[in-house]
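Asker: return atomic coordinates for the entry below.
(one chain, ligands or ions: 4)
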Amino acid sequence: MASNGNGSVANGNGSATKGLAKIQTHKKHNGICHDDSVPTVKAQTIDELHSLQRKKSAPTTPVTGSQAPFATLSEEERHKQQLQSISASLASLTRETGPKLVRGDPARQSDAPKVTHVHHHVTPTIAVSDSSLKFTHVLYNLSPAELYEQAIKYEKGSFITSTGALATLSGAKTGRSPRDKRVVKGDLTEDELWWGKGSPNIEMDEHTFMVNRERAVDYLNSLDKVFVNDQFLNWDLENRIKVRIVSARAYHSLFMHNMCIRPTPEELENFGTPDFTIYNAGQFPCNRYTHYMTSSTSIDLNLARREMIILGTQYAGEMKKGLFSVMHYLMPMRQILSLHSGCNMGRDGDVALFFGLSGTGKTTLSTDHNRYLIGDDEHCWGENGVSNIEGGCYAKCIDLSREKEPDIWNAIRFGTVLENVVFDEYDREVDYSDKSVTENTRAAYPIEYIPNAKLPCVGPHPKNVILLACDAFGVLPPVSKLNLAQTMYHFISGYTALVAGTEDGIKEPQATFSACFGAAFIMLHPTKYAAMLAEKMQKHGATGWLVNTGWSAGSYGQGSRIKLQYTRKIIDAIHSGSLLNAEYKKTEIFGLEIPTEVEGVPSEILDPVNTWSNKKAYKETLLKLAGLFKNNFETFTNYKIGKGNNNLTEEILAAGPIF
Ligand SMILES: Nc1ncnc2c1ncn2[C@@H]1O[C@H](COP(=O)(O)OP(=O)(O)OP(=O)(O)O)[C@@H](O)[C@H]1O
Ligand SMILES: O=C([O-])CC(=O)C(=O)O
Ligand SMILES: [Ca+2]
Ligand SMILES: [Mn+2]
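Answerer: Ligands and ions are numbered 1, 2, ... in the order given. Down below sits the predicted model:
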């Protein structure tokens, strides 16, 4: 609006004013003066006014820059194609087409009339059912703000915390249910996948999968609305996988919005058919009379159909880790190694991988203020280097403190999903020490919430491969340098003490072995991944390390957990290269090379024997753990690691504890 810059007295057309000049705020060309300086709204009705509040925009990603304007399709045509594709996704066994879908929130009445054009042809003889007469509203790739509103309006237990995060409850399950994860054994998968003892792939047949699929799809179709996320996995563009997640809760949609890679509007426009689809009907149980079902929970993977069904658990980590399993199948088929690891990069481009089971420190230690974060949990290592599979991080929050983990603390803000935390009823301050709901409290946030995230999340070949173990026995050294055979031995063993119930039902630390530091997610035999890792480490000259982030000066109960501050110093020394050239000595039994000094770490803790007052108890505990390693490794002694590489196989077998 034009203003008459030099004050309000002169009225510009030269007409004389008697007495005090009328104060004019602005003036129209026709010379009529108005007292009010505020322009009126451009709306004829209250409804229209409210409609002005919301500007139309497409979903955006804050990540990659290119935001080319839509060119090829009209908005309406694009919506129509999306809905048809989603309807096809939701088609049941008995109906050729899926439900009638309508875009938008059923609570917004104005959305309703737009539906007619997505009406599908139905075969009148079989498809007449009540559910085919109703519409299912599709909330497609909503923004975090919209998902907040949906969650707060419709999902009990959803609240905004004092820092703006969305606090939510995952229901009866507060961790994954590995014993309820099933994989269809069919022509494609029978020979390719790892089955039997030690394998995470509990078999099911195609028919049972379809029974569960029908149950999930019918449940979702019976709802007034479903959430659909179309997103990507893997920052390596050549090996990017398109995923669709159909779910019933805003919590699930926001979780996956944060955890998967968010498409730009342009990428969404050209999304096409997803490579893999999840049907999350987690609120609804499976039918226990169905063959194979041992509980009301079932997470079912069908690689041939490229689908996953979730029944009977609302824990969002099932979706994240279910897709990780899929990547553990798809990527090795392309000679790319999939890794349950964190990953970061120094200023000079030195990349480190952090392997470890749940709770060993992948997220905590890869989130390092002095380094670029590539990702905290799931990566690929291919011809050109490493790439993150995900677009977000999933940090443990129990006992989180601003001082010890500032970057994670600051990432818990608007947009972040906070699972199962306890907060003050009035001011909504979260009490991170409260375990009333679960010890496995979690925050899921987009990776760019970490200030020094490396975008895009890719990096060159790793220089250091750090194996993290949280040793509840307190006998493994805080850090050891490994040769290649030892690295493979410990990678295949995948030792830690499970802490704090990420897997449903486990509350106390206990020794556990999980091949490749992720047996729950691998699809092929562990030696396949191990061979790929050995080959890549050899080729690119990476050094292996074993870091104990667990106990010192006694086992769980007597000793205490190694201070995070010390572990960080150890990791710093690995990154800087100073530890590579330190002085080493060899430990008994495990034959580990341990440094005599690390800057910033008391030297006496570097050899665990020094920290135990009862040396006899130390030796007994060491032998006990060595025995557990030996027992565990027996399953692998008959396997060759890689093709024609017998030497390495023998070296690996010899790289374990000797007693
Ligand atoms: N010395 C230590 N080193 C690393 N972490 C420690 C140490 N002491 C305590 N911790 C705590 O241990 C936890 C490590 O959890 P983190 O989230 O890093 O696990 P993760 O390996 O990423 O597991 P997941 O795969 O389940 O996400 C954090 O809560 C961290 O604060
Ligand atoms: O999957 C989860 O729920 C958490 C996680 O990262 C793991 O267990 O490795
Ligand atoms: Ca993590
Ligand atoms: Mn993990």
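Asker: OK, contacts around the residue nearest to V609 when sequence neighbours are not counted?
Answerer: Computed as Cβ to Cβ, 6 or more residues apart in numbering, the closest residue to V609 that is not its neighbour in sequence is Y618, at 5.6 Å. (Each C-beta comes from the backbone N, C-alpha and C, glycine too.) Y618 makes contact with 475, 608-609, 612, according to Cβ atoms under 8 Å, 6 or more residues apart in numbering.
Asker: ok, those vs ligand 2, which is closest?
Answerer: V475 (24.1 Å; Cβ to the nearest ligand atom).
Asker: what residues are up against the nearest residue in space to the closest one that is not next to it in sequence?
Answerer: Distance criterion Cβ to Cβ, 6+ apart; nearest residue to V475, sequence neighbours excluded, is L622 at 4.5 Å. If a contact means Cβ under 8 Å, 6+ apart, then L622 has 473, 475, 588-590 as its contacts.
Asker: what is the distance between the helix or strand where L622 lies and the centre of its chain?
Answerer: Counting by DSSP states H and E, the element that carries L622 is helix 615-633. The chain centre lies 35 Å from the centre of helix 615-633; the measure is Cα atoms, centre = their mean, to the nearest Å.
Asker: do the same with stretch 578-595
Answerer: On Cα atoms, centre = their mean, the centre of stretch 578-595 falls 35 Å from that of its chain.
Asker: what sits up against that stretch?
Answerer: Contacts of stretch 578-595 (Cβ under 8 Å, 6+ apart): 476-477, 479-482, 486, 543, 545-546, 570, 573-574, 596-599, 606-607, 622-623, 626, 655-659.
Asker: what is the end-to-end distance of it?
Answerer: Using Cα to Cα, to the nearest Å, one end of stretch 578-595 lies 11 Å from the other.
Asker: picking up where we left off before, show me the contacts of stretch 578-595 that map onto helices.
Answerer: 486, 570, 573-574, 622-623, 626 (DSSP state H).
Asker: now the strands for the stretch 351-500 of the chain?
Answerer: Under the criterion DSSP state E, counting those that start in this stretch, strands of the stretch 351-500 of the chain are mapped to 351-355, 372-375, 379-382, 385-388, 392-396, 417-419, 422-423, 430-431, 442-446, 458-459, 462-469, 479-482, 495-498.
Asker: in terms of secondary structure, what does the second one contact?
Answerer: I take that to be strand 372-375. Counting contacts by 3 or more Cβ pairs under 8 Å, 6 or more residues apart in numbering; DSSP states H and E, strand 372-375 is packed against strand 341-345, helix 362-366, strand 385-388, strand 458-459.
Asker: want to throw those into CSV with mean neighbour count and mean pLDDT?
Answerer: CSV is the format used below for these (neighbours: other Cβ atoms under 10 Å; pLDDT from 0 to 100):
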stretch, mean neighbour count, mean pLDDT
strand 341-345, 28, 98
helix 362-366, 25, 97
strand 385-388, 25, 98
strand 458-459, 24, 98
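Asker: spatially nearest residue to whichever residue of the stretch 301-450 of the chain sits closest to ligand 2, not counting backbone neighbours?
Answerer: Of all residues in the stretch 301-450 of the chain, G317 sits closest to ligand 2, at 2.7 Å by Cβ to the nearest ligand atom. Of all residues not flanking G317 in the chain, R176 sits nearest, at 5.4 Å (Cβ to Cβ, 6+ apart).
Asker: can you check T441 too?
Answerer: C397 (4.3 Å).
Asker: who touches that neighbour in this structure?
Answerer: 412, 418, 421, 430, 432, 441-443.
Asker: now do the contacts for the residue lying closest to G544 once chain neighbours are set aside.
Answerer: With Cβ to Cβ, 6+ apart as the criterion, G544 has its nearest non-adjacent residue at 3.1 Å, and that residue is T487. Shown in contact with T487 (Cβ under 8 Å, 6+ apart): 465, 467, 533-534, 537, 544.
Asker: for D300, same thing?
Answerer: With Cβ under 8 Å, 6+ apart, D300 has these contacts: 182-184, 204, 209, 212-213, 308-311.
Asker: just the ones of the residues you listed in helices?
Answerer: 209, 212-213.
Asker: please enumerate the strands of the stretch 501-650 of the chain.
Answerer: Using DSSP E, counting those that start in this stretch, strands in the stretch 501-650 of the chain cover 510-513, 543-548, 551-552, 560-561, 584-586, 593-595.
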